[in-house]
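Trainee: model the structure of this input:
(chains A and B)
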Number of protein chains: 2
Amino acid sequence: MKGMTEASNGVEPFPAPRGSGGTPLTPTLEGDYVLDEPLLLESGRKLANPTLHYAVYGRLNAARDNAVLVCHALSGSALVGAWWPEVFAPGAVLSLQNDFVICINMLGSCYGSTGPGSVDPATGKVYGPDFPLVSIGDNVRAQAKMLDSLGVKRLRLVMGGSIGGMQALEWSILFPERVQRGLVIGVAPLSAMGLALNHLQREAILHDPLWAGGHYLPQRPPRRGLSLARQIGMLSYKSAELFDERYGRKPNRNGEDPWGNDGPACGLIGGRFDIAGYLDHQGERFIERFDANAYLAILRTMDTWDPLHGQSSATEVYGRIRARLSFVGISSDWLFPAQAVRELAQEVKAAGVQADYREMTSAHGHDAFLAEQAELVRLLQ
Amino acid sequence: MKGMTEASNGVEPFPAPRGSGGTPLTPTLEGDYVLDEPLLLESGRKLANPTLHYAVYGRLNAARDNAVLVCHALSGSALVGAWWPEVFAPGAVLSLQNDFVICINMLGSCYGSTGPGSVDPATGKVYGPDFPLVSIGDNVRAQAKMLDSLGVKRLRLVMGGSIGGMQALEWSILFPERVQRGLVIGVAPLSAMGLALNHLQREAILHDPLWAGGHYLPQRPPRRGLSLARQIGMLSYKSAELFDERYGRKPNRNGEDPWGNDGPACGLIGGRFDIAGYLDHQGERFIERFDANAYLAILRTMDTWDPLHGQSSATEVYGRIRARLSFVGISSDWLFPAQAVRELAQEVKAAGVQADYREMTSAHGHDAFLAEQAELVRLLQ
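Mentor: Presented below is the predicted three-dimensional model:
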């Protein structure tokens, strides 16, 4: 494979995210693929010979008909075996014996593929704030070139949750002949509330003086802004029901007193409730593993995705699909409400596609596809 | 009335909020009442001779039995005739002919009552970050002293939405003999999700370097932090349904292009969607009329309210109530979900109180009690 290098090549400055359950699997190979031509973006700009960082699990068979592409969500990485291990459990969705599973880090990310922290070959400088909008379609076209180089013509399955689901559906639209089956989980084009949540996350980063117009140094990143952005995101990934059950109105477990008046400025601020301590902790964890400009880049990729944008009709766009698709909504998801996923499935089906809709009953909100993998697997079997 | 002064005395540095419908009414009198003793707070601290800024509408009759207390929400003011005019419409809830309507600005606010921007008589300096936690109960006890000075022994009605509803219920608990009827609208003790939303609003202000530990100068306030806090709040005051209907996925009405790559850092940020333009506008409007430390103070007042906190039982607390109460939930409210309001009403009723529950069907979310006043009035008649 052109430009492919082994793992531990130093291109991944951040620790990869870990799943919430199951045993992480080790990839057969983790490496980089460098496109041998510029990637022409939907926006009209070009990305010069971008790198795609990937992980593969299992082996491509001689017939080359056992390839599966898994697409990751906003802050995910190519290491699907680490963040979605239960999907590989015996009898689950994927099999290390039978499948050749490929996962490719999204462009714009900070987990090895070209992103705002990469050097722009045209200038010799880090892209920073000049990193262009890379759409879901741009990602899919770049991924297709990498699969070409692997000799993978057809995918027996493409699947993903959240932004990963956007990619899965886009694959089946852009490359109808290459996709046999698709799983689109917990996603639809973002609603106005979703766009609002992303706007506020973006603002949280931009308000941090250390963001410096996107020109911050790696050793001096806008940590507080990124932490607040993550915390706003966390609200939308979870559900009110789960928060009530886990945190309720309890004081923070470290003993802070929300009713107290002690300490500096404690009259105005006070001790935290447990939910606040949880959110702060999530923010702290996230800034150790993610980059603010990468976060901004992928928020835009997410915001701008709508297969019908600028197109004449749903029938024309979705009518191209040849794959058999399953859409999965999550009952307590308020970022991508189950109702919106159901309507998307109906719209696709109305265009003549073999599509079904399934619903996960879970209190975990949008995160359920990662937090309740066993339930997801049960639904997909 | 001790310490009472006419309006336009310069204590109100911010323009008062305006309602969204109806004709604003002019108060009979707007002024200040200064407590002639320190207010002992639930937290154990004292507030030295605080000022309560108030507005009254109509006249107290000879029997002194026509007094109504209206309690305002987070960013409201004493000028209830400006922000809730339709409640005064002919045949609606209140009557300028028959009622003596009193509205008192909350302690902690920036609309005339003592708050973080006031001078602490003990130090001669502005309270700033040392302003203490003033609970809903503390506010109610201070309001009761003011009513004493007016010779108002009994309230024919106490009513309010959101934090105003917290005060209405607290009045009926703390002063059972003085309240005949109560309307508690769109409120219950904050859930974990509500506490989370307030936490993030607080963080948005604290992250602004201009907040300066609460010691900012009035002419150099943390505008960006307060704007972001307001925008986070706005999400929780509205509903996803309303946002979809009004803004959907449309580009900002000023012509920005969310799919574009032009302008500085536009690759990472891009043109705004319409919902983002709306939120930014709301943030801009808010920083002209509200103060960041006052916002922090009232967030805490709101967070800490739970009539059962530290009490032995709901029966004991709510069993004291003598007023007839009506609770109003709003179908699309996700800050104080209708289900939570209904459960609070049931709990109060189970303690032997005459209480009923009514539900506003509205797409406006929590804000419906201000945005759809005619519908609220219909429900209350």
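Trainee: pretty sure A:Lys322 belongs to a strand, no?
Mentor: Let me fix one detail, which is that residue A:322 is Arg and not Lys. No: per DSSP: H, G, I helix; E, B strand; the rest coil, A:Arg322 lies outside any strand segment and is coil.
Trainee: contacting residues for it?
Mentor: Neighbouring residues of A:Arg322 by C-beta atoms under 8 Å, 6 or more residues apart in numbering or on different chains: A:Ser172, A:Pro176, A:Glu177, A:Val179. Just so you know, the C-beta spots here come from the backbone N, C-alpha and C atoms, and that holds for glycine as well.
Trainee: which two among those residues are spaced furthest apart?
Mentor: Within the contacts of A:Arg322, two members stand farthest from each other by C-beta to C-beta: A:Ser172 and A:Glu177, at 10.3 Å.
Trainee: so the two - more neighbours on which side?
Mentor: A:Ser172 (29 against 10; other C-beta atoms under 10 Å in any protein chain shown).
Trainee: of the contacts of A:Arg322, which belong to strands?
Mentor: Of those, none are assigned to strands by DSSP state E.
Trainee: so which of these belong to helices?
Mentor: Here DSSP state H is the test, and the contacts of A:Arg322 give A:Ser172 as lying in helices.
Trainee: including distance to chain B, could the contacts of A:Arg322 go into JSON lines?
Mentor: Shown next, in JSON lines, are these (distance: C-beta to the nearest C-beta, whole Å):
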{"residue": "A:Ser172", "distance to chain B": "21"}
{"residue": "A:Pro176", "distance to chain B": "24"}
{"residue": "A:Glu177", "distance to chain B": "27"}
{"residue": "A:Val179", "distance to chain B": "25"}
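Trainee: show the contacting residues for the most centrally placed residue in chain A.
Mentor: The residue lying closest to the centre of chain A (C-alpha atoms, centre = their mean) is A:Ala73, at 1.2 Å. With contacts defined as C-beta under 8 Å, 6+ apart, A:Ala73 is in contact with A:Gly160, A:Gly161, A:Ser162, A:Ile163, A:Gly164, A:Leu370.
Trainee: which strand or helix spans the closest residue to A:Leu228 other than its chain neighbours?
Mentor: In space, and not counting its chain neighbours, A:Leu228 is closest to A:Ala204: 4.0 Å by C-beta to C-beta, 6 or more residues apart in numbering or on different chains. Using DSSP states H and E, A:Ala204 falls within helix A:192-206.
Trainee: angle of that helix against helix B:192-206?
Mentor: Angle of helix A:192-206 versus helix B:192-206, following axes from the mean of the first three to the mean of the last three C-alpha atoms, to 10 degrees, is 30 degrees.
Trainee: so for helix A:192-206, mean pLDDT?
Mentor: On average, the pLDDT along helix A:192-206 is 98.
Trainee: same check, this time on stretch A:247-259
Mentor: pLDDT averaged over stretch A:247-259 gives 95.
Trainee: show me where the stretch 51-200 of chain A has helices.
Mentor: A:80-83, A:136-150, A:163-174, A:192-206 (DSSP state H, counting those that start in this stretch).
Trainee: so is the helix or strand that contains A:Arg285 next to chain B?
Mentor: Taking DSSP H and E as the definition, one finds A:Arg285 inside helix A:274-287. Yes: using C-beta under 8 Å from any C-beta of the partner chain, helix A:274-287 reaches chain B at A:Asp274, A:Ile275, A:Ala276, A:Leu279.
Trainee: residues contacting that helix, please?
Mentor: Under C-beta under 8 Å, 6+ apart, the answer for helix A:274-287 is A:75, A:221, A:223, A:226-228, A:230-231, A:234-235, A:243, A:246-248, A:250-254, A:256, A:272, B:192-193, B:195-196, B:199-200.
Trainee: now do the contacts for A:Tyr54.
Mentor: A:Tyr54 neighbours (C-beta under 8 Å, 6+ apart): A:Glu30, A:Gly31, A:Asp32, A:Tyr33, A:Ala78, A:Ile102, A:Cys103, A:Ile104, A:Asn105, A:Met146.
Trainee: tell me the spacing between it and A:Pro258.
Mentor: 47 Å (C-beta to C-beta, to the nearest Å).
Trainee: now swap in A:Lys145 and tell me
Mentor: 54 Å.
Trainee: between these two, point out the one with more neighbours.
Mentor: A:Pro258 (20 against 16).
Trainee: burial check on A:Thr123, number of neighbours?
Mentor: 10.
Trainee: state the distance from it to A:Leu210.
Mentor: 23 Å.
Trainee: how about A:Val152?
Mentor: 42 Å.
Trainee: A:Ser162 now?
Mentor: 28 Å.
Trainee: those two: which has the busier surroundings?
Mentor: A:Ser162 (25 against 16).
Trainee: so where is chain A shaky, pLDDT-wise?
Mentor: Applying pLDDT under 70 to chain A picks out residues A:1-22, A:263-265.
Trainee: and with 50 instead?
Mentor: For chain A, the stretches with pLDDT under 50 are A:1-12.
Trainee: show me where it has its strands.
Mentor: Under DSSP E, chain A gives strands at A:29-34, A:39-40, A:46-47, A:51-57, A:67-71, A:100-104, A:119-120, A:125-126, A:157-161, A:181-185, A:324-330, A:355-360.
Trainee: does the third one come close to chain B?
Mentor: Just to be clear, that refers to strand A:46-47. No: Strand A:46-47 stays clear of chain B (C-beta under 8 Å from any C-beta), getting no nearer than 10.3 Å.
Trainee: what's the distance between A:Thr301 and chain B?
Mentor: 10 Å (C-beta to the nearest C-beta, to the nearest Å).
Trainee: and the stretch 251-381 of chain A, which residues reach chain B?
Mentor: A:258-261, A:264-265, A:267-270, A:272-276, A:279, A:293, A:296-297, A:300, A:303-304, A:306, A:309, A:334, A:337.
Trainee: now do the contacts for the closest residue in space to A:Gly352 that isn't next to it in sequence.
Mentor: Leaving aside its chain neighbours, A:Gly352 sits nearest to A:Gly319 (5.7 Å; criterion: C-beta to C-beta, 6+ apart). The contact partners of A:Gly319, by C-beta under 8 Å, 6+ apart, come to A:Ala351, A:Gly352, A:Val353.
Trainee: now A:Gly319: how far from A:Glu170?
Mentor: Distance, A:Gly319 to A:Glu170, using C-beta to C-beta: 15 Å.
Trainee: is it correct that A:Asn49 is in contact with A:Asp32?
Mentor: No: using C-beta atoms under 8 Å, A:Asn49 is not in contact with A:Asp32, being 11.5 Å away.
Trainee: comparing those two, which shows the higher neighbour count?
Mentor: Set side by side, A:Asn49 and A:Asp32 show more neighbours around A:Asp32, with 22 against 14, by other C-beta under 10 Å.
Trainee: can you tell me which residues contact A:Asp244?
Mentor: So A:Asp244 contacts B:Ser191, B:Ala192, B:Met193 (C-beta under 8 Å, 6+ apart).
Trainee: got the residues you listed as JSON lines, with distance to B:Glu42 columns?
Mentor: Formatted as JSON lines, these follow (distance: C-beta to C-beta, whole Å):
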{"residue": "B:Ser191", "distance to B:Glu42": "22"}
{"residue": "B:Ala192", "distance to B:Glu42": "22"}
{"residue": "B:Met193", "distance to B:Glu42": "25"}
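Trainee: quick check, nearest of the residues you listed to A:Ala62?
Mentor: B:Met193 (53.1 Å).
Trainee: for A:Glu256, phi and psi?
Mentor: phi -60, psi 150 (degrees, to the nearest 10).
Trainee: that one touches A:Gly271, doesn't it?
Mentor: Yes: with contact defined as C-beta under 8 Å, A:Glu256 counts as touching A:Gly271 (3.2 Å).
Trainee: wait, doesn't A:Ile205 sit right on A:Ala292?
Mentor: Yes: with contacts counted by C-beta under 8 Å, A:Ile205 reaches A:Ala292, the gap being 5.0 Å.
Trainee: shared neighbours of these two, anything?
Mentor: Here A:Ile205 and A:Ala292 have A:Trp211, A:Pro222, A:Gly225, A:Leu226, A:Ala229 as joint contacts, going by C-beta under 8 Å, 6+ apart.
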